[in-house]
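Asker: The sequence isn't on hand, but the structure is:
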């Protein structure tokens, strides 16, 4: 299943009726919040609500991810995992997809003609393995998506391109040759060149120039919305280069099944067709950010472990009833009507997820409370 945000014709520009995939993570969004709040007792003078928070959650659904690579994944199960491990420049401002907040970008400006976006990146950001994030890494990450040219690459390709149409072309060999931690003068000559889609200004400043994609040399009102997708997420070039590098027009076999990002969770395991386990990133850079500077999209994780299991609907609902799972995803026709009640309708509503991240849900979604031994379990269903 692919979740898509429909944009108006003005936003789409030349691509009338097209759709842009946006932030997903629907499988754990409502359930994590509902589970963590309903499981908490009323705090007393001798206990604190923080001490009573659950440390793990089990989520069950029917389909596993198509890929762990943010440049490749194009399905709901893929995006919901990738969005926990990787981070991009921006996040939507709650449910408002016309305004945004910074994630890896601390702030940004837009030129008066709407053709250049300048991003000032957060200092001190690292991947979960300790490798540094900087403007060079983001340059690599965006061009990697464009050069690999997998199914979702068109989202960035509307406005950005690896070639400038005038002799400059970022190739896979160039991407694989650069030192992104301590770039040489030759490396910098590629990354700081002005007439290209992605231009490095300094280690913490990046400019994105519109006009090179297939939309043509025109501004694009929905451009920032394209940057909240996994396609622009930061990918560690050191990990990529150690595992096959970038190959034009092809996915990376290693990153298809492995994931390492800057976000609040790490991929611990993926048993194909059975389960995925995410664990809290103990080296998360956001842990060192003063509380006054945090926003919902970068706040540290709430839970230590998230286990995803992939089962048929009857098995999921049985696990929900017994509290073996705290959340399942199933079609509304399969949600048990006996002993259920509608807890809440979620359309475009603000929700906390595991890492306290907001998202916009696609279409009518609801959470059912299921009676029985697990009276506080939740069932996220599609209407």
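Answerer: Now that the structure is in, tell me what you want to look at. Quick caveat, the model's predicted, so the values are computed rather than measured.

Asker: Nearest the geometric middle of this protein, what residue?
Answerer: In the chain, the residue lying closest to the centroid (Cα atoms, centre = their mean) is residue 83, at 2.7 Å.

Asker: Check for me that that residue belongs to a helix.
Answerer: Yes - according to DSSP: H, G, I helix; E, B strand; the rest coil, residue 83 belongs to a helix.

Asker: So for it, what's the pLDDT?
Answerer: Per-residue pLDDT puts residue 83 at 92.

Asker: Could you give the separation of stretch 113-124 from the chain centroid?
Answerer: 19 Å (Cα atoms, centre = their mean, to the nearest Å).

Asker: Residue 202 - nearest residue in space that isn't next to it in sequence?
Answerer: Setting aside the residues directly before and after it, residue 202 is nearest to residue 135 in space (Cβ to Cβ, 6 or more residues apart in numbering), at 6.6 Å. To be clear about C-beta, it is placed using only N, CA and C from the backbone, and glycine gets the same treatment.

Asker: does the one you found really touch residue 203, like I thought?
Answerer: Yes - here residue 135 reaches residue 203: they are 5.6 Å apart, a contact under Cβ atoms under 8 Å.

Asker: of the two, who's got more company?
Answerer: Between residue 135 and residue 203, counting by other Cβ atoms under 10 Å, residue 135 is the more crowded of the two (23 against 15).

Asker: What are the phi and psi values at the more buried one?
Answerer: As for residue 135, its main-chain torsions (degrees, to the nearest 10) stand at phi -70, psi -30.

Asker: and what of residue 148?
Answerer: In this entry, residue 148 is assigned phi and psi values of phi -70, psi -30 (degrees, to the nearest 10).

Asker: Look up how far residue 320 lies from it.
Answerer: With the distance defined as Cβ to Cβ, to the nearest Å, residue 148 ends up 38 Å from residue 320.

Asker: who's more crowded, these two?
Answerer: Taking residue 148 and residue 320 together and counting by other Cβ under 10 Å, residue 320 has the greater number of neighbours (25 against 22).

Asker: wait, is the more buried one part of a strand?
Answerer: No - with three-state DSSP as the criterion, residue 320 is located in helix rather than a strand.

Asker: Surely it touches residue 328?
Answerer: Yes - the pair residue 320 and residue 328 passes the contact test of Cβ under 8 Å, sitting 5.1 Å apart.

Asker: And the helices in the stretch 1-150 of the chain?
Answerer: With DSSP state H, counting those that start in this stretch, the ranges of helices along the stretch 1-150 of the chain come out as 9-12, 26-38, 76-85, 135-148.

Asker: So for the last one, mean pLDDT?
Answerer: It refers to helix 135-148. Averaging pLDDT along helix 135-148 yields 98.

Asker: Does anything pack onto that helix? Which helices or strands?
Answerer: With contacts defined as 3 or more Cβ pairs under 8 Å, 6 or more residues apart in numbering; DSSP states H and E, the packing partners of helix 135-148 are strand 116-121, helix 154-157, helix 172-177, helix 185-191, strand 198-202, strand 205-209, helix 237-242.

Asker: Ok, which of these comes nearest residue 231?
Answerer: Ranking these by proximity to residue 231 (Cβ to Cβ) places helix 154-157 first, at 5.2 Å.

Asker: Please enumerate residues in contact with that closest one?
Answerer: Residues from elsewhere that reach helix 154-157 (Cβ atoms under 8 Å, 6 or more residues apart in numbering): 20-21, 142, 145-146, 149, 213-214, 226, 229, 231-232.
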